[in-house]
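Participant: Predicted coordinates and the sequence they were generated for:
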Amino acid sequence: MTINTPSEHNNISLAMPFSQACENNKGPILSILKLLLTEPVTVVEIGSGTGQHSAYLSEHLPHILWQPTDLQCNLNGVERWRVQSQHKNLKPAIALNVQDNVWPIDAADVFFSANTAHIMSWDEVKLFMLGVGKHLPKGGLLCLYGPFKYNGAFTSESNKAFDLHLKDVDPTRGIRDFEAIQQLARESELELVADYKMPANNQMLVWRKVSE
């Protein structure tokens, strides 16, 4: 596959971004990815955030070529983690906005995204699923981690409270309904192959592309 990568970032801020949630969930996420990604593949991470996941997961999955992406404004922090890690299988972060008509990648074997569906607006979630379906080859995987509702119900009271907080910050945000996400997946010819229950009332949803 081909990915358009930038030159090395020369002006990287000294600030190292940190998320306690990333620190807490990186181990459980790794345990699932180890089950799924047993062969050398290229993983494109949508919404790399602080960059902690990309640094940690690329270290423990050395057979995986890891491509972090995020909005341009967040790349500085992602690059800080990459430069510190010095992992040869961790590529320089590239700017990717799901709203863009053209994504800066040609294809990917696997897409991974953590804690993004409830931060994006619903329109952005639709574009995310559409873009993933467009770029995955037959047999490619989408791994989506985060909290979800089932049949309109929250899986915990803490998730219900978190959803209210998200909407207070931005009314377009919120914990998404699994059934609505699943419908978008079907429209992008993605078949659900696993729904792993994760710590802290999260899930890891895994789909496989069923057509070219």
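Facilitator: In hand now; what should we look at?

Participant: check which helix or strand covers the residue nearest to the spatial centre of the chain.
Facilitator: By CA atoms, centre = their mean, the chain has its centre lying nearest to Ser113, at 0.9 Å. In this structure, Ser113 sits in strand 110-114 according to DSSP states H and E.

Participant: Same check on Trp207?
Facilitator: strand 202-209.

Participant: how deep is Ala194 tucked in, by neighbour count?
Facilitator: By other CB atoms under 10 Å, the residues close to Ala194 number 15. To be clear about C-beta, it is placed using only N, CA and C from the backbone, and glycine gets the same treatment.

Participant: how close does the residue lying closest to it once chain neighbours are set aside get to Cys143?
Facilitator: Nearest residue to Ala194 in three dimensions, chain neighbours excluded: Val206, at 4.1 Å (CB to CB, 6 or more residues apart in numbering). From Val206 across to Cys143, the span is 5 Å (CB to CB, to the nearest Å).

Participant: same deal with Gly27?
Facilitator: On the measure of CB to CB, Gly27 and Cys143 end up 15 Å apart.

Participant: Comparing the two, which residue is more hemmed in?
Facilitator: Cys143 (22 against 11).

Participant: isn't Phe112 right up against Glu45?
Facilitator: Yes - the pair Phe112 and Glu45 passes the contact test of CB atoms under 8 Å, sitting 5.0 Å apart.

Participant: Pro171 in helix, strand or coil?
Facilitator: Assigned with DSSP: H, G, I helix; E, B strand; the rest coil, Pro171 falls in the coil class.

Participant: Do a quick rundown of the strands in the chain.
Facilitator: Listed in chain order, the strands of the chain (DSSP state E) span 42-45, 65-70, 94-95, 110-114, 141-146, 148-149, 176-177, 190-198, 202-209.

Participant: Looking at these, which is nearest to Ser58?
Facilitator: Nearest of those to Ser58, taken as CB to CB: strand 65-70 at 4.1 Å.

Participant: Identify the residue nearest Met120 in space, chain neighbours excluded?
Facilitator: Excluding the flanking residues, the one nearest Met120 by CB to CB, 6+ apart is Phe128, at 6.5 Å.

Participant: and that neighbour, how many neighbours?
Facilitator: 24.

Participant: give the contact list for it.
Facilitator: Residues in contact with Phe128 (CB atoms under 8 Å, 6 or more residues apart in numbering) are Ile46, Val98, Ser113, Thr116, Ala117, Met120.

Participant: Pull the contacting residues for the residue nearest to Trp122 when sequence neighbours are not counted.
Facilitator: Among residues not flanking Trp122 along the chain, Thr172 sits closest, at 6.9 Å (CB to CB, 6+ apart). Shown in contact with Thr172 (CB under 8 Å, 6+ apart): Ser121, Trp122, Asp123.

Participant: I'm done for today, thanks for sticking with me.
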